[in-house]
Every structure is written in structure tokens, then in C-alpha cells.
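Visitor: Provide a 3D model corresponding to the input given below.
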Amino acid sequence: MNDRLSDIEWRWKRFDELTTADVYDMLAARSAVFVVEQNCV
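Guide: This next block holds a predicted model:
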């Protein structure tokens, strides 16, 4: 698992610097995590 964590690319942006694609990607990841968490209950 540590190998996967080292593959994460961290990018820091102010809210007004986010592109539509950035926001979409974040919301898609959040949704995917939510689905996995709901299936664990």
C-alpha cells in the first residue's frame, strides 16, 4: 500500500484556480469512496 501512496501527485490550488475538470475529478473520487463505504456497512 505504501507504494500506491507514493504514486499520489499532490497539487495545491486556491479555489478560484480550479478548473472544471479538477472539480469533476474530485467529486468523482469522493463519490467512488462513498459507494465503497456504503458497501462495507
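Visitor: any idea how far A32 is from D25?
Guide: 11 Å (Cβ to Cβ, to the nearest Å). In this view, the C-beta of every residue, glycine as well, is placed from N, C-alpha and C.
Visitor: pLDDT at F15, what is it?
Guide: Listed pLDDT for F15 reads 94.
Visitor: Tell me, how many residues neighbour it?
Guide: 6 (other Cβ atoms under 10 Å).
Visitor: Ramachandran coordinates for it?
Guide: Backbone torsions for F15, taken as degrees, to the nearest 10, come to phi -60, psi -40.
Visitor: does D7 sit in a helix, a strand or a coil?
Guide: coil (DSSP: H, G, I helix; E, B strand; the rest coil).
Visitor: Can you check the pLDDT for it?
Guide: So D7 comes in at 80 (pLDDT).
Visitor: Need the contact partners of the helix or strand where V33 lies.
Guide: For V33, the host element (DSSP states H and E) is helix 20-40. When contacts are defined by Cβ atoms under 8 Å, 6 or more residues apart in numbering, helix 20-40 is touched by residues K13.
Visitor: For it, what is the distance to the chain centroid?
Guide: Centroid separation for helix 20-40 versus its chain: 7 Å, with Cα atoms, centre = their mean, to the nearest Å.
Visitor: so how many other residues sit close to L18?
Guide: When neighbours are defined as other Cβ under 10 Å, L18 has 14 of them.
Visitor: Let me know the pLDDT of it.
Guide: Note for L18: predicted pLDDT of 97.
Visitor: who's in contact with it?
Guide: No contacts exist for L18 under Cβ under 8 Å, 6+ apart.
Visitor: quick one: it and I8, what's the gap?
Guide: On the measure of Cβ to Cβ, L18 and I8 end up 18 Å apart.
Visitor: gap between Q38 and S31?
Guide: 11 Å.
Visitor: ditto for V23
Guide: From V23 to S31 the distance is 12 Å (Cβ to Cβ).
Visitor: With R14 instead?
Guide: According to Cβ to Cβ, R14 stands 23 Å off from S31.
Visitor: Neighbour count for those two, which is higher?
Guide: Of the pair R14 and S31, S31 is the one with more neighbours under other Cβ under 10 Å, namely 10 against 6.
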